[in-house]
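Chemist: one predicted model, sequence on top.
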Amino acid sequence: MQIADNRVVTLAYTLKDNDDNILDQSDDGSFCYLHGARNIIPGLENALAGKVAGDELSVSIPPEEAYGVRDEARIQAVPREMFPDDVEIEVGMQFHAQNPDGHALMVTVAKVEDDSVMVDGNHPLASVQLNFEVRVMDIRDATAEELEHGHVHGPHGHHHG
Ligand SMILES: [Zn+2]
């Protein structure tokens, strides 16, 4: 069976940046995704199409096909009073916020000043080249319910409360 749309794929992978730092790793068979449903970054999904179980590949994905390019306009000063009083705000903390369109986004605290906090709405992996070492562990057809939901169910997939 080949990797194709509407199939559930289990991968083992190691993700590194260009300086050989390991950013993420999964080698215990616990990572699976629904192919064709944009569950994973486009550059990796495209590289996996047509592969079979046991295949190993190295994929280097530019930011444009991963988490995008850093945009300095997404760094903004927010008044300190917008944050809860009882929380010590520190660089690196992440908060859920809304952009002007009302979309949810995650922001990271970049700098703390007396009366304002600089928050960065860029993805932490924006502008990072992603280098994956991937092994295809398993491929199966998705169930009708998985296709309807657009994600994987089961022991390592999405759990509904
Ligand atoms: Zn579901």
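Modeler: Cool, the structure landed.

Chemist: lowest-pLDDT helix or strand in the protein?
Modeler: Counting by mean pLDDT, DSSP states H and E, the chain has its least confident helix or strand at strand 94-98, which shows a mean of 83.

Chemist: can you list contacts of it?
Modeler: 83, 104, 105, 106, 107, 108, 109, 119, 121 (C-beta atoms under 8 Å, 6 or more residues apart in numbering). Where you see a C-beta, it was placed from the backbone N, CA and C, and this is true even at glycine.

Chemist: how close does whichever residue of the chain sits closest to the ion get to residue 39?
Modeler: The chain approaches the ion most closely through residue 149 (3.3 Å), counting by C-beta to the ion. Separation of residue 149 from residue 39 (C-beta to C-beta, to the nearest Å): 11 Å.

Chemist: shaky segments in the chain?
Modeler: The model of the chain has pLDDT under 70 over residues 156-157, 161.

Chemist: interface residues of it facing the ion?
Modeler: Along the chain, the residues adjacent to the ion under the rule C-beta under 5 Å from the ion are 149, 158.

Chemist: which residue ranges form the strands in the chain?
Modeler: 7-16, 22-34, 56-61, 75-79, 94-98, 104-112, 116-120, 130-141 (DSSP state E).

Chemist: residue 135: what's it in contact with?
Modeler: Residue 135 makes contact with 11, 12, 13, 54, 55, 56, according to C-beta under 8 Å, 6+ apart.
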